[in-house]
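Enquirer: model this:
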Amino acid sequence: SRAIRLNWLCNPTGRPDGFRGLDWVQELYNMYTKVIYSGSGQTRTLQLVIKHSPLIEIFRSVSTVVQDNFALLH
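Expert: Numbers count the residues shown, from 1 in each chain. Model prediction:
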């Protein structure tokens, strides 16, 4: 209980054992924003990355739905 009071935790998975530190979750979202969902080439601009960053959860959800519905392995 002391660890929980002294640290900010978040549960991005919703599972009982899925709590992570907020800094870990922030770094995960930074990776998604900069590496996975940022695009490439001329379309990768700072303005576009900033515009898309609040949409990371939606991008991940859509990706999961497509993978599940089309039985994709990746």
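
Enquirer: in stretch 26-35, what's buried?
Expert: Of the residues in stretch 26-35, 29, 32-33 count as buried by neighbour count, 16 or more other CB atoms under 10 Å. (Each C-beta comes from the backbone N, C-alpha and C, glycine too.)

Enquirer: for the record, mean pLDDT for that stretch?
Expert: Throughout stretch 26-35, pLDDT has a mean value of 85.

Enquirer: now the terminal residues of it, how far apart.
Expert: Chord length of stretch 26-35, first to last residue, is 14 Å (CA to CA, to the nearest Å).

Enquirer: and it, how far out from the chain middle?
Expert: Centre-to-centre, stretch 26-35 and its host chain are 6 Å apart (CA atoms, centre = their mean, to the nearest Å).

Enquirer: of the buried residues of stretch 26-35, closest to residue 70?
Expert: Distance to residue 70, by CB to CB, is smallest for residue 32 among the buried residues of stretch 26-35, at 21.2 Å.

Enquirer: touching, that closest one and residue 57? I think so.
Expert: No - using CB atoms under 8 Å, residue 32 makes no contact with residue 57, being 9.1 Å away.

Enquirer: hang on, the earlier thing: now, the buried residues of stretch 26-35 that are in helices?
Expert: Among the buried residues of stretch 26-35, DSSP state H puts residue 29 in helices.

Enquirer: which one of the buried residues of stretch 26-35 sits closest to residue 19?
Expert: Once CB to CB is applied, the member of these that ends up nearest residue 19 is residue 29, at 16.2 Å.

Enquirer: against residue 70, how distant is the residue lying closest to the closest one once chain neighbours are set aside?
Expert: Spatial nearest neighbour of residue 29, excluding adjacent residues (CB to CB, 6 or more residues apart in numbering): residue 56 at 5.5 Å. Here the distance between residue 56 and residue 70 works out to 22 Å (CB to CB, to the nearest Å).
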